[in-house]
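K.L.:
Need coordinates for the following:
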Amino acid sequence: MSTGIPPLPPVQSEAALAIFVHSSLKSLVQNDNFGDADRLAFIGRHVLSMVVAEVLFEKKPMMSALDLEV
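P.N.:
Okay, the predicted model is just below:
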């Protein structure tokens, strides 16, 4: 029986495998170069925050700290 959902593309790298594997399988998928998905998610959140801060500083350099937190 076909669901009409196309197959998933193959995982192209060890980093992508670590990112897209569910945490319930994290003990099975962990490598010495990247760690696991939780570690990469933590780093990603902080990198995203840094990028947002940079853009806000460029667009509105005098925005108050209170407004930045919102």
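K.L.:
Let's test this: mean pLDDT of stretch 17-37, rounded?
P.N.:
Averaging pLDDT along stretch 17-37 yields 64.
K.L.:
Next: stretch 59-66.
P.N.:
Here the average pLDDT along stretch 59-66 is 88.
K.L.:
Alpha carbons of that stretch, as CSV, please.
P.N.:
Extracted in CSV, the C-alpha atoms of stretch 59-66 (Å, rounded to 0.1, in the frame of the first residue of the first chain):
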residue,chain,number,x,y,z
LYS,A,59,19.8,47.5,12.1
LYS,A,60,19.1,49.2,15.4
PRO,A,61,22.3,49.9,17.3
MET,A,62,20.7,52.0,20.0
MET,A,63,18.0,49.5,20.9
SER,A,64,17.6,49.2,24.7
ALA,A,65,18.6,46.0,26.6
LEU,A,66,15.0,45.5,27.6
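K.L.:
got the contact list for it?
P.N.:
Applying Cβ atoms under 8 Å, 6 or more residues apart in numbering, the contact partners of stretch 59-66 are residue 56. No exception for glycine: its C-beta is placed from N, CA and C like everyone else's.
K.L.:
quick one: secondary structure of residue 4?
P.N.:
Taking DSSP: H, G, I helix; E, B strand; the rest coil as the rule, one finds residue 4 in the coil state.
K.L.:
That one: neighbour count?
P.N.:
The number of residues packed near residue 4 is 4, by other Cβ atoms under 10 Å.
K.L.:
Ok, residue 56 next?
P.N.:
Residue 56: 13 neighbours (other Cβ under 10 Å).
K.L.:
got it, and residue 17?
P.N.:
15.
K.L.:
now it: how far from residue 58?
P.N.:
Relative to residue 58, residue 17 is positioned 35 Å away (Cβ to Cβ, to the nearest Å).
K.L.:
Same check on residue 45?
P.N.:
From residue 45 to residue 58 the distance is 21 Å (Cβ to Cβ).
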